[in-house]
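S.K.: no sequence on hand, only this structure:
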């Protein structure tokens, strides 16, 4: 329904217009204003679809148009006048009137109002579309600004030039560049890419452009003002524009943490493979050593026993002295087999562990001192620390490996060992006064001894730490939960 305001017309003329509208079945509400002072207030009372104005002094069409302009109100104005002096129509149309009609031609008024009705419908549709567009844009900007990355549009022209039609606010955090800076200098992004990744970036963009396939790229950048290098993931979907350019809609994400985890996993896997290979090699070497000792030592001794017994089994007459001599030799050889068996078994699992971890560590320290001549003192505030058998073996093996490293590499003259249980954890410290160890030496690929101790400790849910200082010495410290 049309909302019509008639300005400067008589009551009779307003009635005629109402009757005309009813006769033509044009639904409308018609109001009138005759006082100039009342016009501004009435214009603001409601939304008017059209204003019909006369050339009445004080409320002329020109004055109405000036009032609407001053109040910044956009309403179609139709001049409905009594006469035409030849110049009035041109003057009013130039002033902003939508149409100029004579009261003597009412049929034209109906046509003009129907045109206004269609125009108003189009305006309303356009207004609603604009509101929806603004809402969609506001939603998009809200989503883009809250994404953990950068949303962008990127264009590659046929002449090779590039630009960013849209860049979200995330560019400041990710790239160190404001959206305005990046749009003004699109080449600034490619300058952030590290030299080693630039060729792959260009190749991936060319492939996506040529085949209109998804643009996927991962690479390193160094944002302006950042000391650290960032890993970013770029994913964008291309489409070709009417002028032949390629437009990508995409997103960039900071994947530095994920990439660091991925690289750490790969490094740990490589170390694990090396350690596994070393462990397997060590097992084979240990098996070969045990087999050699059994063959050469026990086997040789048993062969000697057999040689001593063979002469006693023939039918020759022997003196008692002969048999006593053979019995003594066999007894001596049996003692040797027993000693060899005990020594091999001790290497596999020291029996002293049955006496507890404290006794085992003290025994190993004495053995180390006797074997290497390096003084080794043990400090333990308690006579016994009750541990699970497997945990005791693990701690003992770590202690053995630490002493082995000292004997091989430290050039030390003294070793200090501390063993304690505090707050539900077993603490073992092995310190020497040797040449010390540096961090690169701890982390080098071939440090299987240190790596083995660390892996064994971590498997038990504990912590492992090595601290060294050149020409001062090295400290190996472990903390392992006693209830593991």
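M.R.: Received, thanks. Please read all numbers here as calculations on a predicted model, not as lab measurements.

S.K.: using the three-state scheme, assign the closest residue to residue 93 other than its chain neighbours.
M.R.: Spatial nearest neighbour of residue 93, chain neighbours left out: residue 100 (6.3 Å); criterion: C-beta to C-beta, 6 or more residues apart in numbering. C-beta coordinates here come from the backbone N, C-alpha and C atoms, glycine included. Secondary structure for residue 100, judged by DSSP: H, G, I helix; E, B strand; the rest coil, is strand.

S.K.: skipping its backbone neighbours, what lies nearest residue 156 in space?
M.R.: What sits nearest to residue 156 in space, not counting adjacent residues and going by C-beta to C-beta, 6+ apart, is residue 246, at 4.8 Å.

S.K.: about what we covered before: these two touch, right, the residue nearest to residue 93 and residue 91?
M.R.: No. Using C-beta atoms under 8 Å as the test, residue 100 is too far from residue 91 to be in contact (9.2 Å).

S.K.: tell me which of the two has more neighbours.
M.R.: With neighbours defined as other C-beta atoms under 10 Å, residue 100 and residue 91 compare such that residue 100 has more, 19 against 14.

S.K.: check contacts around the more buried one.
M.R.: With contact taken as C-beta atoms under 8 Å, 6 or more residues apart in numbering, residue 100 is in contact with 78-79, 81, 84, 88-89, 92-93.

S.K.: what does the closest residue to residue 245 other than its chain neighbours show for phi and psi?
M.R.: Sequence neighbours aside, residue 157 is the residue nearest to residue 245 in space, at 4.7 Å (criterion: C-beta to C-beta, 6+ apart). Backbone dihedrals for residue 157, given as degrees, to the nearest 10, come out at phi -80, psi 160.

S.K.: hang on, residue 157 packs against residue 241?
M.R.: No. Assessed by C-beta under 8 Å, residue 157 is found out of contact with residue 241, at 9.3 Å.

S.K.: returning to that earlier point: for the residue nearest to residue 245, the count of nearby residues, please.
M.R.: 13.

S.K.: relative to residue 167, how far out is it?
M.R.: Residue 157 sits 17 Å away from residue 167, going by C-beta to C-beta, to the nearest Å.

S.K.: can you check residue 440 too?
M.R.: When distance is defined by C-beta to C-beta, residue 440 is 43 Å away from residue 167.

S.K.: which of these two has more residues huddled nearby?
M.R.: Higher neighbour count among residue 440 and residue 167: residue 167, with 24 against 8, using other C-beta under 10 Å.

S.K.: and the closest residue to that one other than its chain neighbours, how far from residue 407?
M.R.: Leaving aside its sequence neighbours, residue 167 sits nearest to residue 179 (C-beta to C-beta, 6+ apart; 4.0 Å). Applying C-beta to C-beta, the value for residue 179 to residue 407 is 64 Å.

S.K.: could you do residue 150 as well?
M.R.: Distance of residue 150 to residue 407, computed by C-beta to C-beta: 57 Å.

S.K.: what's residue 373 sitting at in phi/psi?
M.R.: Dihedral pair for residue 373: phi 80, psi 10, per degrees, to the nearest 10.

S.K.: could you count how many residues lie near it?
M.R.: Applying other C-beta under 10 Å, we find 8 other residues in the vicinity of residue 373.

S.K.: also residue 113?
M.R.: Other residues lying near residue 113 total 24 when counted by other C-beta under 10 Å.

S.K.: go on, residue 372?
M.R.: With other C-beta under 10 Å as criterion, residue 372 counts 14.

S.K.: specify the local secondary structure of the nearest residue to it once chain neighbours are set aside.
M.R.: Leaving aside its chain neighbours, residue 372 sits nearest to residue 407 (5.2 Å; criterion: C-beta to C-beta, 6+ apart). Secondary structure state of residue 407, per three-state DSSP, is helix.

S.K.: contact partners for residue 407?
M.R.: Applying C-beta under 8 Å, 6+ apart to residue 407 gives the contacts 368, 371-372, 374.

S.K.: put together TSV for the residues you listed, with pLDDT, distance to residue 36 and secondary structure on each row.
M.R.: Below are those laid out as TSV (pLDDT from 0 to 100; distance: C-beta to C-beta, whole Å; DSSP: H, G, I helix; E, B strand; the rest coil):
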residue	pLDDT	distance to residue 36	secondary structure
368	90	115	helix
371	88	120	helix
372	91	117	helix
374	92	115	coil
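
S.K.: give me the buried subset of those residues.
M.R.: With burial judged by 16 or more other C-beta atoms under 10 Å, the buried subset of the contacts of residue 407 is 368, 374.

S.K.: looking at the contacts of residue 407, spot the one nearest residue 296.
M.R.: residue 371 (20.7 Å; C-beta to C-beta).

S.K.: quick check: the closest residue in space to residue 209 that isn't next to it in sequence vs residue 238, distance?
M.R.: Leaving aside its sequence neighbours, residue 209 sits nearest to residue 246 (C-beta to C-beta, 6+ apart; 4.9 Å). Distance from residue 246 to residue 238, counting by C-beta to C-beta: 5 Å.

S.K.: list residues touching both of the two?
M.R.: Common neighbours of residue 246 and residue 238 (criterion: C-beta under 8 Å, 6+ apart): 208-209, 212.

S.K.: quick one: these as JSON lines, columns for neighbour count, pLDDT and distance to residue 403 too.
M.R.: Formatted as JSON lines, the shared contacts of residue 246 and residue 238 follow (neighbours: other C-beta atoms under 10 Å; pLDDT from 0 to 100; distance: C-beta to C-beta, whole Å):
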{"residue": "208", "neighbour count": "21", "pLDDT": "95", "distance to residue 403": "60"}
{"residue": "209", "neighbour count": "16", "pLDDT": "94", "distance to residue 403": "64"}
{"residue": "212", "neighbour count": "13", "pLDDT": "94", "distance to residue 403": "66"}
